[in-house]
Each structure stands twice: as C-alpha cells, then as structure tokens.
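Asker: predicted model follows, preceded by the sequence.
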Amino acid sequence: SIFAFEVLHRMGLQFFEVLNYAVMCALICLFVMRGLWGLERFGAIWAFIDKMGEVDSRHLLLGVVLGLIGAGMALLFMEINRHLKKGAMAVRLDEKRRPVLCGAIGGVLIGLIGVWLPPTMFWSEYEMETVANPEIKLAHVWPKGGYWGLAPWFQGHYTPAIWFGLAFAKLLTINISVVSGMRGGFIFPLMFAGACLGRGLATVPGIPWVSDQAPVLAAMVTAAAVCTGVTRTPFAVTLILTALVGDPGVAAPTLCGALTSFFVLMNRPFFLAQRDRDDIIFKPLAFGEMPRGVSGISAGESSESSGNNFRIPAGHLATSGSRTSETTLNELAA
C-alpha cells in the first residue's frame, strides 16, 4: 500500500490524508486472501547464507556509497530505455501499430539472452534465490544450464563477471520487454538487477568495507537504490526488501542507499505520469533561520497557554485558494 502511494509522485508520498485507511484496507485484504488460500506463514522468502551482524555508522556510510552506484545503474537503465525506443522508432517498430512483429522480435531477443544467461528469465522472485544462495537450482528454466551447462550456475561457481553480466542483461531484458509491447514489470526485475550488481561487488576481493561484509548487505542496498532510482519509492522498497530477506540489520543501510539514489536522480524522472500535487506548494526553509510568522514555544509551555498562535507563512506551505497570507496550524488541521 505504501508503494502505491509513493509511486504516484516524484517527490515522495503526498496523499498522506488517506494513508492510514489504505494501510488498513491492505491488511484486511492480506488477511482475507491468505485465509482463503490457507497460507498461514509470513516471513522471508530469500535465505541469504550469511546474515548481517551488528550495524554501525560505517554500514550507513557504505549504504550511501552503494546508493550512488545503484543510482548510476538506474540511470543506465533509463538510457537503455531511451535508446531502444529511439532505435525502434527509427526502423518503424511501433508496438501499437505493429504489435505482433514487435512482440515476436522482443520474444526472440529475450529468449536468446535467457539461453546465455538463464537467471535473467521471468520476473525474478524465484531467481533472486540464486543471488541469496548460488547453490539453489534455477526455477522455471529449461534446460537448467542454458548454453553454458550447469557448472556456472551451481555449487557457488558464480564469478564477479557473471554477476555483473546478469545485472546488465536484466536491465536489457526489462527494456526489451517494455519496448516490444509486453507487460514488462519493473519492481522485482530491477531489484534482481541491483542485487546482482551488489553481489558482484561483494565477490570482488580487496574492495574496502565491501568485500568483508555479508553479501546480503551489498545486494539489498544496491537493489533498493536501483529500484528507487526508477520508481521513486524509497520507503516502500526498503520495507519490502527487509521483510523478504528476514534480516532487520539491513534496514538502515538499505534506506540510506534508497534515499541517496532518490535524491541524486530527483531531476531525472522515468515515469512521466508521475506528478506532484498541485494543491500543495513546497518551498525549502533556510537552515538556521526561524521563518517569519512562526512563534516559538518554551519548554513546558503547552499549545493552549500560547494561544495556538503557531503560524506558518503561506509561502512555505500553502494550499490553493488560501484566504489569507498566513495559515495557522489550526486551519491546516481542519
């Protein structure tokens, strides 16, 4: 439910008035759905071999660094999409005018990539298990080893080159799927691409602060950063990944990576349909200054004793059609 709220806007969750109702509705739907299907178990679905230990400030800084790397990968995804669309138009492969031909070409390309790199197939929920534990057999792929046979994909034979190749190939297959008119899908595939990038970085020996960390840290931080850079959903993505790996220790570094990507790419939106609310105007406040019209309150003084005279200039937070130049907190609450 939080993802659905965040993805509507470019600068964070803005329909906050009905958020509580939406979350409650989501919980009711979850209860009914799992009850009817007899699904009683809640918990992680990706079992990483090594769990996070204690988290300290270094992990938060590492989250920022990996967030920058993930933002770069998200930007690469956008550029691939732009060039593929431009190339398709150049050869008159419009998926709306020639859907069968576009779908056939896209299917062939995705199939060829899947033969060479089987983990790039499908929507990546089950394929992510191979990122968590390379010894897990690939689901939904036949033949299991593709062109290369079984050796590269089982018994921990993933090399950094394979991880990085999977990350780039997944970005490519997502865009081919979308440009050729298929349903595509972004959330889990982008997470998978970012997780492969992070897993590859954790596999490379000698990288300070990265090589000696649990692979789940680098994988989840970069997964969140890549997905957030495209979808603009830092909090929902962090909650999803933390829950699915069942390791609370990754939450804070993952959020750092997601927010870093969010702000780095704040002027590079991917979904053009995303809009910010036009009935709220946000203007940055100057640090170290008390905005004119805002009254302070001393320690121990209640809002009643101060007369509820907290006032915020309309230039800092205004609603359309405001009657006065200033808006009181009482009016905002009403």
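Answerer: Arrived safely, thanks for sending. Numbering: from 1, shown residues only.

Asker: break this structure into its domains for me.
Answerer: 2-37, 57-264, 278-334 (automatic domain parsing).

Asker: what average pLDDT does the first one get?
Answerer: Okay, so that is domain 2-37. Taken as a whole, domain 2-37 carries a mean pLDDT of 84.

Asker: helices along the chain, start to end?
Answerer: Remark: helices assigned in the chain by DSSP state H are 2-6, 19-37, 57-90, 99-116, 128-132, 160-179, 187-203, 215-231, 234-245, 251-264, 329-333.

Asker: and the fourth one, how far out from the chain's middle?
Answerer: Same thing as helix 99-116. Computed by CA atoms, centre = their mean, to the nearest Å, the separation of helix 99-116 from the middle of its chain amounts to 26 Å.

Asker: closest one to F270 among the domains of the chain?
Answerer: domain 57-264 (4.9 Å; CB to CB). Quick note: C-beta positions are derived from backbone N, CA and C, even for glycine.

Asker: how about stretch 53-65, which residues are buried there?
Answerer: The neighbour-count check on stretch 53-65 (16 or more other CB atoms under 10 Å) flags V55, H59, L62, G63, V64, V65 as buried.

Asker: before we move on, the earlier item: could you tell me the least trusted of the domains of the chain?
Answerer: Lowest mean pLDDT within the domains of the chain: domain 278-334, at a mean of 47.

Asker: does I49 touch A132 like I think?
Answerer: Yes: I49 is in contact with A132 according to CB atoms under 8 Å; the separation is 7.1 Å.

Asker: which of the two has more residues huddled nearby?
Answerer: Between I49 and A132, counted using other CB atoms under 10 Å, the more crowded position is A132 (21 against 12).

Asker: mind listing what the more buried one touches?
Answerer: If a contact means CB atoms under 8 Å, 6 or more residues apart in numbering, then A132 has W46, A47, F48, I49, V216, A219, V245 as its contacts.

Asker: now the buried members of those residues.
Answerer: The buried subset of the contacts of A132 - by 16+ other CB under 10 Å - is W46, F48, V216, A219, V245.

Asker: residues near the closest residue to P205 other than its chain neighbours, how many?
Answerer: Of all residues beyond its chain neighbours, the one nearest P205 is S211 (5.5 Å), with distances taken as CB to CB, 6 or more residues apart in numbering. Taking other CB under 10 Å as the criterion, the count of residues near S211 is 13.

Asker: need phi/psi at S211.
Answerer: When quoted as degrees, to the nearest 10, the phi and psi of S211 stand at phi -60, psi -30.

Asker: please shift the residue numbers so they start at 48 in all later answers.
Answerer: From this message on, residue numbering opens at 48, which makes the last subject S258.

Asker: on that earlier part again, closest to N314 out of the contacts of A179?
Answerer: Of all the contacts of A179, N314 sits closest to A266, with 27.5 Å by CB to CB.

Asker: residues touching that closest one, list them.
Answerer: The contact partners of A266, taken as CB under 8 Å, 6+ apart, are F95, V178, A179, G241, A242, C243, G245, R246, A249.

Asker: out of the residues you listed, the closest to G154 would be?
Answerer: Taking CB to CB as the measure, G154 lies nearest C243 of those, at 22.7 Å.
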